[in-house]
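*Asks:* Fold the following.
(3 chains)
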Amino acid sequence: MPELPEVETIARGLHKRIAGERIQSVWLSEKPEPLKSSPVQIVRVLEGSRIVQVRRAGKHIVFDLERKVRGAGAEAGRGQWVVHLGMTGRLQVALPDSEVSRHTHAIVKLASGREVRFVDPRRFGRLAVTGDSSEGTRGFTAPGDEPLESRSERFVELFRGRKTPIKSALLNQKLLSGVGNIYADESLFRAGIRPRRRACSLTKEHLRNLHRAVQEVLQEAIALGGSSISDYVDAEGNEGFFQLQHRVYGREGEPCSVCTSPIKRIVIAGRSSHYCPHCQK
DNA sequence: ACTATTTCCTGGATGC
DNA sequence: TGCATCCAGGAAATAG
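*Replies:* Below you'll find the predicted structure:
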């Protein structure tokens, strides 16, 4: 389940491999449910465009595109191809004669002959394009704050006064974009805060600690190439290693790494949440 | 304006 | 062994 560190790893890998390439053609599967834009729009924006860079915005992978000037007086078109991997989405860079795996929903053919394939068994992922200058010069951005860029004061403001459990607030992409279930649990453990605590019950000090914990966890995870659980692999097919550093996520019943109390698992907003009843208050 | 709950989707794990 | 059921969870939609 790709969250910020996994998406960052994938985006960096893709950038290294395909930045500068021109898109020749696009194939979309028969039943293109995982599309946020219409097939026509996607083809129109992608075909003939050059991939200037591949980057991450929240949990989205953004391909910044530049179109060739077509006809006199036409301005160079810009656009973005935006991919959300959902739970099980993958972007593969493949050679054209390699086997197309099941659940392949899109194939983007590049001028070099290679292909970028979007594969997603569970179909929670989404593809979209954004056009021209409508988004301004900055291009696509995630709806909430980037956790690695937000400063402490701003972070505190985001959560203060909210009645919802802090875990739910961390998962709310409109507040903070990029934190998912794993890193929410890991961050709360490091900050010593129980996931069910209401955000409004936390002091500024708590929230500052949480802000630091979120940034540390995300940065360490990026450094290790993300967490490989289920079948996550990056753009090169490599696994990440941050799952070895998980202190609470997926460790129900196991001893806490700090105090040896058994880790508890509860359900908040329909998601499993893991914490140490002794270390987290 | 917020918050909580439901829905989508399929592979893998579990249970009888 | 086989079949049914459950579970994972991001984010949009729906309900309160």
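
*Asks:* Could you pull up the contacting residues of the residue of the stretch 101-250 of chain A found nearest DNA strand C?
*Replies:* Nearest residue of the stretch 101-250 of chain A to DNA strand C: residue A:180, at 3.4 Å (C-beta to the nearest atom of the strand). Just so you know, the C-beta spots here come from the backbone N, C-alpha and C atoms, and that holds for glycine as well. Residue A:180 makes contacts with A:1, A:2, A:3, A:4, A:59, A:171, as judged by C-beta atoms under 8 Å, 6 or more residues apart in numbering.

*Asks:* What separation is there between it and residue A:281?
*Replies:* Distance from residue A:180 to residue A:281, counting by C-beta to C-beta, to the nearest Å: 24 Å.

*Asks:* Nearest to DNA strand B among the contacts of residue A:180?
*Replies:* Nearest to DNA strand B among the contacts of residue A:180 is residue A:171, at 9.7 Å by C-beta to the nearest atom of the strand.

*Asks:* my guess is residue A:115 contacts residue A:93, does it?
*Replies:* Yes - with contact defined as C-beta atoms under 8 Å, residue A:115 and residue A:93 form a contacting pair (7.3 Å).

*Asks:* who's more crowded, the two?
*Replies:* residue A:115 (21 against 18; other C-beta atoms under 10 Å).

*Asks:* what does stretch A:42-55 contact?
*Replies:* When contacts are defined by C-beta under 8 Å, 6+ apart, stretch A:42-55 is touched by residues A:11-12, A:14-15, A:18-26, A:28, A:35, A:37, A:61-68, A:77, A:79, A:81, A:106, A:108, A:127-131.

*Asks:* Please name every helix or strand in contact with the helix or strand harbouring residue A:92.
*Replies:* Secondary structure from DSSP states H and E places residue A:92 in strand A:90-94. Where contact means 3 or more C-beta pairs under 8 Å, 6 or more residues apart in numbering; DSSP states H and E, strand A:90-94 is packed against helix A:4-18, strand A:115-119.

*Asks:* how about a cut-off of 10 Å?
*Replies:* helix A:4-18, strand A:104-110, strand A:115-119 (3 or more C-beta pairs under 10 Å, 6 or more residues apart in numbering; DSSP states H and E).

*Asks:* Give me the mean pLDDT for that strand.
*Replies:* For strand A:90-94, the mean pLDDT works out to 92.

*Asks:* anything in that strand near DNA strand B?
*Replies:* No - contact of strand A:90-94 with DNA strand B (C-beta under 7 Å from any atom of the strand) is absent, the minimum separation being 12.4 Å.

*Asks:* Quick one: residues contacting residue A:197.
*Replies:* A:165, A:166, A:167, A:188, A:206, A:280, A:281 (C-beta atoms under 10 Å, 6 or more residues apart in numbering).

*Asks:* one more time with 7 Å
*Replies:* Counting by C-beta atoms under 7 Å, 6 or more residues apart in numbering, residue A:197 touches A:165, A:166.

*Asks:* Pull up the gap between it and residue A:278, please.
*Replies:* Distance from residue A:197 to residue A:278, by C-beta to C-beta: 15 Å.

*Asks:* what's the answer for residue A:130, then?
*Replies:* Per C-beta to C-beta, residue A:130 is found 47 Å from residue A:278.

*Asks:* again, but for residue A:17
*Replies:* From residue A:17 to residue A:278 the distance is 46 Å (C-beta to C-beta).

*Asks:* Just the pLDDT for the closest residue to residue A:89 other than its chain neighbours.
*Replies:* Once flanking residues are discounted, residue A:89 sits nearest to residue A:125: 3.1 Å by C-beta to C-beta, 6 or more residues apart in numbering. You'll see residue A:125 listed with a pLDDT of 92.

*Asks:* Same question for residue A:237.
*Replies:* Taking residue A:237 on its own, its pLDDT is 66.

*Asks:* cool, residue A:74 as well?
*Replies:* At residue A:74, the pLDDT value in this model is 43.

*Asks:* can you list the weak-confidence ranges in the stretch 51-200 of chain A?
*Replies:* A:69-76, A:132-138 (pLDDT under 70).
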